[in-house]
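>>> Attaching a predicted model along with its sequence, questions to come.
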Amino acid sequence: MSDQKHGVYSEVGTLRRVMVCRPGRAHEHLTPSNCHDLLFDDVLDVPKAQRDHEVFVNLMRERDIDVLELRDLLADVLDIPEARSFILDRRVNHATMGVGVAEDLRAWMDEMPSAELGELLIGGLVSDEVPADVFGTCISPFHVNSDDPELLIAPLPNTLFTRDNSAWIYDGVELSRMFWGARRREVLLLTAIYRYHPLFKYDYNVWLDTVDKDMGHTFIEGGDIMPIGKGIVLVGMGERSTFQAVSQIAKSLFDAGSAERVIAARMPKERAAMHLDTVFTMCSEEVVNIYDPVVRAMDTFSLRPDETERGGIKVTYDEGYFVDVVSDALGVKLNPVQSTAGRYGAECEQWNDGNNVVALSPGVVVAYDRNYSINANLRAAGIEVLEIPSSELGRGRGGGHCMTCPIDRDPVY
Ligand SMILES: NC(=[NH2+])NCCC[C@H](N)C(=O)O
């Protein structure tokens, strides 16, 4: 493991190191009645989802990308007593479990091997999965008025989408305060990894630190964040991310001199376009993959450092089409590629994450196999499109871009 300084300096430069989280126990806890609350549109064939995810991971490993598994990083930090307490103090206490249950569970978890404990923290825990002798008298209230086993720890199936719960922006990371409750607990695990894992011991900036703080209306998710290079960061503000978060991150970046301009795009608040990366991803220095009906509806604002303003940030409205605004900012004429499957077909390709591709190097992207028109049009524009199976992984509404958290990526411009 290296102690080099980490950072993500573009969306399309050579990817060196990335974090993923393969499907598993959390997805076995998805049912038709709970999956929507957990932000999945259907239940999964978990073994198939795991095989498909492995295809994706292997594509990256074959290209010498260091693919880190979130579970492994978590198991490593759970071996460190201070990190284990940092997580368990916040996850297993009177407020989360009740008096007595917290003490009994904590004693059991304190003894548990780290990999197993990590599986429970990500995958969830149902009361009847706990050995009978763990609890004193305190578990009985869970069974009053119900034959259903109670979820003691809710599963976190959206850890599959490592893009969102934390995001590297140039030489630092933001720790997301996620919008929906189903995802709000993911960041504790990420915070522990960044704080305690030897891989991250080297100093780096933290643009936003959210655990243990009253975050008010601060909401941000990594799928909305793109450090595209030349000191510019794109941020989507739609269903999930708010100006409160964007302006705090911008201020941290400006104060450190790590960025000069944040281009914030106001997007419709809808599930299909929950993040910027569901309608816009970069494939090479010039080619961008877009869903034009949403991109065209976006309003764009720029944040820049300005000491004459009270908050130290000047906000201006950028006239015009989003792709043109970004082209002008980069000084590169971007070529937008889109689906030509017709109005209905294009809407389905967007829904199935056709626009959510991840670049492994300039001009080489990973895409879902089902988005025939977008993939063909990207190829026609000179992009190498590596396809992965989509039927299971796509049920959570996320593609290759969502399933990766780049930690080290080269600049391009
Ligand atoms: N970067 C992304 N587009 N992530 C997609 C996340 C999907 C996930 N089910 C959610 O609703 O949060």
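Done, it's in. Residues are numbered from 1 along each chain as shown.

>>> Can you give me the end-to-end span of stretch 227-238?
End-to-end distance for stretch 227-238: 18 Å, by CA to CA, to the nearest Å.

>>> SS state for the closest residue to the ligand within the stretch 101-250 of the chain?
Of all residues in the stretch 101-250 of the chain, residue 223 sits closest to the ligand, at 2.2 Å by CB to the nearest ligand atom. For glycine as for every other residue, the C-beta is placed from the backbone atoms N, C-alpha and C. Of the three states, residue 223 takes helix under DSSP: H, G, I helix; E, B strand; the rest coil.

>>> next one: the one 5 residues further on
Local secondary structure at residue 228 is given as strand here, using three-state DSSP.

>>> Can you give me the neighbour number for residue 404?
Residue 404 has 27 neighbouring residues, counting by other CB atoms under 10 Å.

>>> Touching, the residue of the stretch 101-250 of the chain closest to the ligand and residue 161? I think so.
Yes: applying CB atoms under 8 Å, one finds residue 223 in contact with residue 161, separated by 7.3 Å.

>>> which neighbours do the two share?
Residues touching both residue 223 and residue 161 by CB atoms under 8 Å, 6 or more residues apart in numbering: 398, 402.

>>> Buried ones in stretch 373-387, by neighbour count?
By 16 or more other CB atoms under 10 Å, the buried positions in stretch 373-387 come out as 373-375, 377-378, 381, 383, 385-387.

>>> which non-adjacent residue is nearest residue 330?
residue 230 (5.9 Å; CB to CB, 6 or more residues apart in numbering).

>>> Contact partners for that neighbour?
Residue 230 is in contact with 329-331, 413, counting by CB under 8 Å, 6+ apart.

>>> Walk me through the domains of the chain.
Here the domain assignment for the chain is 7-70+157-409, 73-153, based on automatic domain parsing.

>>> can you count the residues close to residue 76?
With other CB under 10 Å as criterion, residue 76 counts 19.

>>> Once you drop chain neighbours, what's closest to it?
residue 197 (5.8 Å).

>>> So, low pLDDT: which residues of this protein?
Residues of the chain meeting the criterion pLDDT under 70: 1-4, 139-149, 202.

>>> Repeat the analysis, applying 80 as the threshold.
The chain contains residues with pLDDT under 80 at 1-4, 137-150, 201-203.

>>> So in it, which helix runs the longest?
As assigned by DSSP state H, the longest helix anywhere in the chain is helix 46-62.

>>> what sits up against that one?
With contact meaning CB under 8 Å, 6+ apart, helix 46-62 is reached by 15, 18, 20, 22-24, 27-28, 67, 160, 360, 366, 386, 388-393, 400, 403.

>>> 7 Å instead, please
Residues outside helix 46-62 that contact it (CB atoms under 7 Å, 6 or more residues apart in numbering) are 18, 20, 22-23, 27-28, 67, 360, 366, 386, 388-389, 392-393, 400, 403.

>>> Which of the residues you listed fall within strands?
18, 20, 67, 360, 366, 386, 388 (DSSP state E).

>>> Show me what the last one bridges to in the sheet.
Think residue 388. residue 368 (DSSP bridges).

>>> same check, this time on the second one
The partner list for residue 20 in beta bridges (DSSP bridges) reads residue 69.

>>> re the thing from before, report how many residues lie close to the residue nearest to residue 76.
Neighbour tally, residue 197, other CB under 10 Å: 18.

>>> Contact distance from the ligand - what residues of the stretch 301-413 of the chain qualify?
Contact residues (CB under 6 Å from any ligand atom) of the stretch 301-413 of the chain with the ligand: 356, 396-398, 402.

>>> tell me the two of those residues that are most distant?
356 and 396 (11.6 Å; CB to CB).

>>> okay, the two: which has more neighbours?
Relative neighbour count places residue 356 above the other of residue 356 and residue 396, with 29 against 24, counting by other CB under 10 Å.

>>> can I assume that one sits in a helix?
No: using three-state DSSP, the secondary structure at residue 356 is coil, not a helix.

>>> Not counting residues beside it along the chain, what's closest to it?
That would be residue 399: by CB to CB, 6+ apart, it lies 3.4 Å from residue 356.
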